[in-house]
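Asker: Curious how this folds, go ahead:
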Amino acid sequence: MGLLKKWKERAAYSLCPVRCPYCDRVIEQNDIACRKCKSSFPDMCYKRYACGGHPCAAAFPYDGTYARAVRCLKFHNRADYAKPLAAQIVQAILETLEDKSFDLVTCVPMHKKDKARRGYNQAELLARECAEIMGLPYVETLVKFIRTKPQHKAKFQDRIHNVRGAFCLIDRDLIRDKHVLLIDDIITTGNTLGECAKNLYWGKCRFVSCAVVCTTVGRNMEKNAD
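Answerer: Numbering: from 1, shown residues only. Down below sits the predicted model:
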């Protein structure tokens, strides 16, 4: 049975090879990036704070090939990039966040119409992969019931109002007294993560930590070289 599974995996790889999310070169089946891209990874991760003061680990700056990888995942149907990008999120969490005693992993939700149009929620794909890597349960905790303008299209000063009141908690019992790890793809102003965290705290969770693939440069950003 094991040999049959390996044969099927090899056959699938030959038909649809794994590609580096940063440059699209073909890479080994279980690798996270090509050798050249891995050699240029930043030597430190980043720590941000979402609105409300919630700590957020970020693997990369939102620039160059890292921004390309996120855009391809988000807008160009490259769901296969979620797994290697999630591996970098987990690495950033391990290097950056002080309290790693998470009880569950969740994500920033999309409105159902936007998710239907795209075919998936990239934050959910990342969160599910992070949960699998970390051996934690993935739990849907929030729903986005107001369809808002995309944050990247909203003016900087309007972003906090754009997402205010857009999310609600599904079930308080899912998160009561839990340390929740909240995943998204990018942190810019931190308003989206902060609004989601606020709802989680309304559900009486114990603590919320956040993590993303990329961060834009901001005043509340720290480099972590530990």
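
Asker: Can you tell me the number of residues neighbouring residue 17?
Answerer: 12 (other C-beta atoms under 10 Å). C-beta: built from backbone N, CA, C; applies to glycine.

Asker: Likewise for the one 5 residues further on?
Answerer: Using other C-beta under 10 Å, residue 22 has 25 neighbouring residues.

Asker: contacting residues for it?
Answerer: Residue 22 makes contact with 33-34, 37, 65-66, 68-69, according to C-beta atoms under 8 Å, 6 or more residues apart in numbering.

Asker: contacting residues around residue 85?
Answerer: When contacts are counted by C-beta under 8 Å, 6+ apart, residue 85 is found next to 21, 59, 69-70, 73, 126, 129, 213.

Asker: For the residues you listed, which single residue is the most surrounded?
Answerer: residue 213 (30 neighbours).

Asker: From residue 190, how far off is the nearest residue to residue 179 once chain neighbours are set aside?
Answerer: Closest residue to residue 179 in three dimensions, ignoring its sequence neighbours and counting by C-beta to C-beta, 6 or more residues apart in numbering: residue 207, at 4.6 Å. If you measure residue 207 against residue 190 using C-beta to C-beta, to the nearest Å, the figure is 17 Å.

Asker: Who has more neighbours out of these two?
Answerer: Neighbours per residue (other C-beta under 10 Å) separate residue 207 from residue 190, with residue 190 holding more: 26 against 18.

Asker: how about the nearest residue to the more buried one once chain neighbours are set aside, what does it touch?
Answerer: Leaving aside its sequence neighbours, residue 190 sits nearest to residue 50 (C-beta to C-beta, 6+ apart; 3.9 Å). Residue 50 makes contact with 56, 187, 190-191, 193-194, 197, 210, according to C-beta under 8 Å, 6+ apart.

Asker: Return the helix or strand in the protein with minimum mean pLDDT.
Answerer: One helix or strand of the chain scores below all others by mean pLDDT, DSSP states H and E: helix 2-15, with a mean of 47.

Asker: And the next helix or strand past that helix?
Answerer: Of the helices and strands lying after helix 2-15 in sequence (DSSP states H and E), the nearest is helix 35-39.

Asker: Tell me which other helices or strands whichever helix or strand residue 70 is part of touches.
Answerer: In this assignment (DSSP H and E), residue 70 forms part of helix 64-75. Under the contact criterion of 3 or more C-beta pairs under 8 Å, 6 or more residues apart in numbering; DSSP states H and E, helix 64-75 touches helix 82-96, helix 122-134, strand 207-215.

Asker: Helix 122-134 and that one, what's the angle between them?
Answerer: Calculated by axes from the mean of the first three to the mean of the last three C-alpha atoms, to 10 degrees, helix 64-75 forms an angle of 110 degrees with helix 122-134.

Asker: measure the closest residue to residue 67 other than its chain neighbours to residue 207 for me?
Answerer: Of all residues not flanking residue 67 in the chain, residue 214 sits nearest, at 6.5 Å (C-beta to C-beta, 6+ apart). Distance from residue 214 to residue 207, counting by C-beta to C-beta: 23 Å.

Asker: thinking again about what came up before, please point out which parts of the helix holding residue 70 sit buried.
Answerer: 65-70, 72-74 (16 or more other C-beta atoms under 10 Å).

Asker: List of residues touching it?
Answerer: In contact with helix 64-75 (C-beta under 8 Å, 6+ apart) are residues 21-23, 37, 40, 59-60, 62, 78-79, 81-82, 85, 122, 125, 185-186, 213-214.

Asker: Check the average confidence over it, would you?
Answerer: Average pLDDT, helix 64-75: 97.
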